[in-house]
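1. test case, fold it:
(chains A and B)
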Amino acid sequence: MSDCRRQWNRENELPVYLAGTITTGPNQRKSYGMFSSVDGACDSKTVDCDNFSAGRRGTRTPRSDSRDRGRERERGRERERGRERERDSGRERERDRGRERDERLLIKGGRVVNDDLSQYADVYVEDGLIKQVGDNLEVPDDVRVLEVNGCLVIPGGIDVNTCLMKPHLGCSPVDDFYLGSRAALAGGTTMIIDHVTPQPGDSLLEAFELWQESADRKCCCDYSLHVDLPHWHPGVKDELEVLVQEKGINSFQVYMSYKDSFQMTDSQLYEVFSFLKELGAVVMLHAENGDLIAQEQRKVLSLGITGPEGHPLSHPEELEAEAVFRAITIGNRVNCPVYITKVMSKTAADTITQARRRGSVVFGEPITASLATDGSHYWSKNWAKAAAYVTSPPLSPDPTTPEHLHDLLACGDLQVVGSAHCAYSTSQKAIGKDDFTLIPEGTNGIEERMGFVWDKAVATGKMDANQFVAVTSTNTAKIFNLYPRKGRIAVGSDADIVIWDPDRTKTITSKLQQSALEYNIFEGMVCRGGPVVVVTQGRVVYEEGEGLRVQQGSGRFIPRQAFPDYAYQRITTRSKVKGKQGVSRGMYDGPVYDVLATPKYITPSPSAKTSPTSQQPPPIRNLHQSNFSLSGAQFDDNIPRRSGQRIVAPPGGRSNITNLG
Amino acid sequence: MAERKLLPRDSDDEGSLLSRLGTDSPKPRVKFGGMFCNVEGAYENKTLNFESSTSPTDGSTSPTDSSTSPTDGSTTDRLIIKGGKIVNDDQSFYADIYVEDGTIKQIGENLLVPGGVKTVDAYGHIVIPGGIDVNTSLQTSQLGMSPSDDFYHGTKAALAGGTTMIIDHVVPEPGASLLGAYDQWKDIADRGSCCDYSLHMDITRWHDGLFEEMESLVKNKGVNSFLIFMAYKDKFQSSDSQMYEMFGIIRDLGAIAQVHAENGDIIDEEQKRLLELGITGPEGHVLCHPEEVETEAVYRAITIAKQANCPLYITKVMSKSAADVIAKARKKGMVVYGEPITASLGTDGSHYWSKNWAKAAAFVMSPPLSPDPSTPDYLNSLLSCGDLQVTASGHSTFSTAQKAVGKDNFTLIPEGTNGIEERLAIVWEKAVATGKMDENEFVAVTSTNAAKLFNLYPRKGRIAVGSDADIVIWNPKETKTISAATHALTVEINIFEGMEVRGAPVVVISQGKIVLEGGKLNVTEGSGRFVPRKAYPDFIYKRIKARSKMADARGVPRGNYDGPVHDVISMTKSVPATPSSRGPQCPGKGPLGPTRNLHQSGFTLSGTQIDDHIPRRSAQRIVAPPGGRSNITSLS
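-> Alright, predicted model coming up:
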């Protein structure tokens, strides 16, 4: 809300489609009272995306685009590409689109809940967009009317962390984009942001296209993509620029864990942060200390522990908290927004809380699993059950963890709920039956996400419905620059709407789930609250009692602009304010000790901590040998070398020093 | 003297090593009760009988070190200190002390002493155990420059300030032998040191045989503490893996891990950035060593130590947030100790912005002084409540001419400040005179805690029968102004210049000899003895040992998994293709795997691979269809 305003004010020239609506400032909202549902109340809060790009598939970029005229061309190209894609996808999709357009919906009698206010209002949907919000709407006759009888009408959930295509040792998750997004819709989530996970050495762009292609074919709901950085070298920088500026990616994940494959050193992290900050992207971190995990794994295996309980034993909570602390420190130094994926433990969450209290720009994302269950199941006698819980960072064995994380979510210290849905079947998990380090990591949660937050936080009185909308949808949309297109019920936003029944109860079981998994980690848990109707892109895809009606491949890729206000406004100001300045002094004119050219302090580094981007790939050296070499530029080249050590001023003698202060 | 009993039997396995520990525990002390308990025999349990175990070398009360022969007359030095108030870390009482042969022989009133004994008058003063400075670098050269205060000048200044023992850091050249560096240091210190000393060993680089050297140092050489650097990238810095393994080794040896806690990676990047910005003066030093970088490293070190179940000692706690992390970790039960230094207790980092380059450069040290002016007060408070335990000096001084090597580039300024002489006075002024701590705590943080942590107790750090006669007679009322003009150091700038301190030593007795009296120093170069320290200090290791027993992780007994298993295609990519993350494998722990050149990305499947035991197939086949219900062992 106030967010949009800020952004508009910043832009010198308002986009055409805003010119009319800005006249009533959102400041006046309050005068309409709690149940303000007159027409126009919502006008100024939203953007009529329709005028702008006519809702064409694959071309709708968020409005902030207009800021940059130089990008017009690119958008043109993008549009063409979008059209091509459409053409390629053939006739059947044209048919879908036809039907889509026909779908006009009036949602009547619900209580519209946004993150800032709730109001009783009807919602009229046409062409996949919300056209009107208010009482006594004037709508055409042939409209399908959904009577919702006091249920909540909320923006569809956005699942910010899914891995529907992440390969592990060559096998793909059993829930691909089709099954995964089906499950998402069934649970009230209408958009996912999936992780593109290239392997070390792969091209990021190729991986991105592979993911996009697969998702375009299969995904049933709108999606966007994060790109994970498996390695860091100069070539990556070019790819990142292309991804941010042309492909609509504004978030990248880096790993502090997975030693010898994905893990980056602190130097590399510093460089990645610096570079992504220039690009205006959000840095996401898998925060665990990989060095120590590797050591602990070795230790645990050497103790003869090979079962899934070895996983939490080798991934203790402290290592997560330590990495979170380190990531935040680096983020502070670079002045870059940091987003911690998968907050699994109390200590990690507390670390984030404390950092926020000190003013750091950091966001935390607990996931369905950490919010609903705990790590005691790793000790289950049933191998398959124990293995199903294996994820990194692991679930904390402390049973009070879910409560604590919900408390922090409710008070805003954690902001976003993801699912980290990455489903491997039991037979795939069984790759690690003799060695827990080989068990593919990932749990389910895409379908259960909204339900558990409601059940554990709203139904228990920890948070209200508005905060529920914020953590399941709106905050994500803000952080990743999807707002207000997603994450809000307002005129001009996408018609991703969920009719939520707070009184419904459901027992989670793998028999009734959409996912192809044999084992649901929430098996048997009873969950209050759930979706009655799910509308995505203006079409009803789920109705209680009638089940899912989804169209494979109907999901659109949603590009995201760089520099999301929610994350970057503070950062930009701080960069301006916090310039560093030296002290102007007179020249030092006293004696200077002559330094003997010492080869010993410039020996080649034994640590691989030097980042390869800052310098040419280092020559191959035997790391255990200490052969001195003076070839090449040295860091003290600027100091004149003498053969001997001579003291210009005798030690202890008073020297003649510039004395200015 | 348990340490000497160990020496001939260095091949002992740890089990028997452990069994003998704790026999000289200071525990029984409490039993003898009484505030003024000073009858003979009351201290029997607390002290070690040095005479009985060595063949008495002439005039030497030194337990092991016969190479240094103290100057003649040390045997005839008999002293009686009269009328003072003896202050130990646990109690204060009025009594006289009789010193003979460098040890305290009697404590009490109306002592029977031979004639011809010199009487030292301590009326109105307090009599405290001599200070122990656990962090000095009197021999560590930087950029090839030796510190301007060497062992002689440094220990002279120490004695002038009431410190009667130092523990100096041995810093071998990266890659050089630890034992070689140790011998070199010991040799120099034996010749130069005026007070008793001991040595810490710094680990500057991994090399083959490191573990054996460490073992030999602990078992034969009397070193029980090792310092690891988390900063100084590409020079001394250790990776997390190395630290973990090192901590494991140190724990097994019964030693103490010390860390220099700063994130070297971040510092390195910030240094580059600042130099690019054109900031070359000393203020660049504090800008690129921000407080949170110290805090982060402290946090990480504690995490790693927790995992390795190793006692941890953080040297040079310079900032509030770093001290807070230590305090919090202690509250969570971790065995971690923090050492603020004279500079961080006495002054702050605002001087880095001084217009006078020489003055600003004099403050350069790592981690830097915090620019936050409330830091000294805060650290003194934590020291008083026991969250920080030890004060040291971090003394390492370079003359202005030496500092000027970095006049155009702050990264070249040799790091180090003075503080060896001012330490006791500054703690007294800032903490005792202000009412933050009492005199017993003062003794604890300046002497006793250090002695306990590094296993010198009760030989050092206590005034008791049988302890070394390292005694300071302290006048709490005397006021003094610190100045480079009057200090005993050779360096031109004193970072505490002009500071007025209450409390000063009147008489300092080291090894039973008066070295400071009436404002006059009377030291003998080379009279200092090396004091060996044995492994497994009780103060630290009792808890560690109990935790080792408790911490055994156990697996879950399960039936064999008999369900379908997904076939894995052979993946060449699982071989590390990029430079391995945080440093190379360390050589410490034998054959952990074939050595690979981590900088080469040639894939190879020769040698054992992590997934060798998985049958390799050329294709990916799913044994059980995805989504199908599989047949799983169901035991629960």
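
2. use CA for all of it now, contacts and neighbours both
-> Noted.

3. shaky segments in the chain?
-> Unless you meant another one, I'm taking chain A. By pLDDT under 70, the weakly predicted segments of chain A are A:1-102, A:596-661.

4. chain B was what I was after
-> B:1-76, B:551-553, B:569-636.

5. quick check: residues of the stretch 101-250 of chain B near chain A?
-> Within the stretch 101-250 of chain B, the residues that sit near chain A (Cα under 8 Å from any Cα of the partner chain) are B:143-145, B:148, B:173-175, B:205-208, B:233-235, B:237-241, B:244.

6. mark which of the residues you listed are buried, thanks.
-> Buried by 16 or more other Cα atoms under 10 Å in any protein chain shown: B:143-145, B:148, B:173-175, B:205-208, B:233-235, B:237-241, B:244, out of these.

7. just to revisit the earlier point, tell me which of the residues of the stretch 101-250 of chain B next to chain A fall in strands.
-> Per DSSP state E, strands hold no members of these.

8. which of the buried ones among the residues of the stretch 101-250 of chain B next to chain A fall in helices?
-> With DSSP state H as the criterion, helices contain B:Asp240, B:Ser241, B:Tyr244 from among those.

9. format these as a markdown table; extra columns: distance to A:Val113.
-> Converted to a markdown table, those look like this (distance: Cα to Cα, whole Å):
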| residue | distance to A:Val113 |
| --- | --- |
| B:Asp240 | 48 |
| B:Ser241 | 50 |
| B:Tyr244 | 51 |
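
10. among those residues, which one lies nearest to B:Ser354?
-> Of all these, B:Ser354 sits closest to B:Asp240, with 36.7 Å by Cα to Cα.

11. isn't the closest one up against A:Ile293?
-> No: counting by Cα atoms under 8 Å, B:Asp240 does not reach A:Ile293; the two are 10.3 Å apart.

12. nearest the middle, which residue of chain A would you pick?
-> Centroid-nearest residue in chain A: A:Val160, 5.1 Å away (criterion: Cα atoms, centre = their mean).

13. what's downstream of the one helix or strand that residue maps to, the next helix or strand?
-> Using DSSP states H and E, A:Val160 sits within strand A:157-162. The C-terminal neighbour of strand A:157-162 among helices and strands, as given by DSSP H and E, is helix A:177-186.

14. any idea which helix or strand comes after that following helix?
-> strand A:189-196.

15. tell me the gap between the helix or strand that that following strand is followed by and the middle of its chain.
-> Under the assignment DSSP H and E, the closest C-terminal helix or strand after strand A:189-196 is helix A:204-218. Centre-to-centre, helix A:204-218 and its host chain are 18 Å apart (Cα atoms, centre = their mean, to the nearest Å).

16. hmm, helix A:204-218 touching chain B?
-> No: using Cα under 8 Å from any Cα, helix A:204-218 never reaches chain B; the gap is at least 15.3 Å.

17. report the angle between that helix and strand A:189-196.
-> Interaxial angle, helix A:204-218 versus strand A:189-196 (axes from the mean of the first three to the mean of the last three Cα atoms, to 10 degrees): 150 degrees.

18. against which helices or strands is the helix or strand just after helix A:204-218 packed?
-> Sequence order places strand A:222-228 as the next helix or strand after helix A:204-218, per DSSP H and E. Applying 3 or more Cα pairs under 8 Å, 6 or more residues apart in numbering or on different chains; DSSP states H and E, one finds that strand A:222-228 makes contact with strand A:189-196, helix A:204-218, strand A:251-255.
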